[in-house]
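[1] My questions concern the predicted model and sequence given below.
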Amino acid sequence: MTFATIIVNHGTSKIENQKEAISFLRKKVEEKYEGSLVKSYMASDKIRKKVDDKDLSQDLEEILNECRDKNIRDVRFLMAYVLRGIEYEKVMKKAEQLNEDGFFNFTFTKALLEEENNDEILEFLEELGENDPSLVIFHGSPRKNLQEFEKFQEKIKNSDKNLYFSSFEDRKFDDLIKEFKEKNISKIRVIPFLIIVGNHVAKDIEGDKKNSYKKVFEENEIEINLVKKSLLLYDKIAEIFVEKLEK
């Protein structure tokens, strides 16, 4: 066993979604690195402490102690994040605090959106949209790597495949509705750009509150066709993440 992989994501209280997506990615890693130790870590303390499933609720210290017991010094964190933001860096800091004696050699994979992957990911979204009017919804602008995020936002806006952009933190409903009306769009495919679909989809996209995408669009006679699938469950995205383990 040459190294251990720890799959890291923020986590979701939608436990079945978490389990399905992480299991899919885990299988990809295990297939490529047969016999390797693959663990998963939900970085959100709040979510993790509410989960009874032992495979999902292990603390990072517990996982690293297992690596110590097996004398695995090379530990690679497969960081299942859209961008390297605050939560990503919290994981790095916590890992280093648990390695004060220098036993481990840690590496942290880059997040999903980076220059070398962005054209590939845009192509994936264009294929997913099937040239129908499609709204790609992100969580929101991170505090770090903002420039990289904005570059990808522009790629979506400049796509000739009927793609549109929005985020939970800056929904810009008035601009979207105006553009859809001008283009006579009465039905929009909604693609959540989320590592794992969870409460944001249930509440912010298809929820009953007044500012959910479904409610606002329905009020403006625009029907939504929601693609309710975690990014990690797509072969293309999972393979991009696994490839990062070698970089």
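    Done, it's in. Numbering: from 1, shown residues only.
[2] use CA for all of it now, contacts and neighbours both
    Fine.
[3] Bridged to His223, which residues?
    No, residue 223 isn't His; it's Glu. Taking DSSP bridges as the rule, Glu223 bridges to Lys187.
[4] Can you pull the poorly scored residue ranges out of the protein?
    1, 141-145, 247 (pLDDT under 70).
[5] Dead centre of it: give me the residue that sits there.
    Closest to where the C-alpha atoms of the chain average out (Cα atoms, centre = their mean) is Ile195, at 2.2 Å.
[6] Look at it and give its secondary structure.
    Put simply, Ile195 is coil when judged by DSSP: H, G, I helix; E, B strand; the rest coil.
[7] Isn't it up against Ala111?
    No - contact between Ile195 and Ala111 fails when scored by Cα atoms under 8 Å: they sit 10.8 Å apart.
[8] so what sits against both of those two?
    Shared contacts of Ile195 and Ala111, defined by Cα atoms under 8 Å, 6 or more residues apart in numbering, are found at 80-82.
[9] Neighbour count, distance to Leu233 and secondary structure added to those residues, as CSV?
    Shown next, in CSV, are these (neighbours: other Cα atoms under 10 Å; distance: Cα to Cα, whole Å; DSSP: H, G, I helix; E, B strand; the rest coil):
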residue, neighbour count, distance to Leu233, secondary structure
Ala80, 26, 12, coil
Tyr81, 21, 14, coil
Val82, 21, 14, coil
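[10] could you redo those as a markdown table and give each row distance to Glu16?
    Below are those laid out as a markdown table (distance: Cα to Cα, whole Å):
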| residue | distance to Glu16 |
| --- | --- |
| Ala80 | 17 |
| Tyr81 | 19 |
| Val82 | 21 |
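[11] Next, the buried residues of the helix or strand in which Glu30 is found.
    Element membership of Glu30 [criterion: DSSP states H and E] is helix 15-32. Buried residues in helix 15-32, counted by 16 or more other Cα atoms under 10 Å: 15, 17-19, 21-22, 25-26, 28-29.
[12] what's the closest of these to Arg73?
    Of all the buried residues of helix 15-32, Arg73 sits closest to Val29, with 18.2 Å by Cα to Cα.
[13] Give me the nearest residue to that closest one, chain neighbours excluded.
    Computed as Cα to Cα, 6 or more residues apart in numbering, the closest residue to Val29 that is not its neighbour in sequence is Val242, at 6.2 Å.
[14] Good, we can wrap up now.
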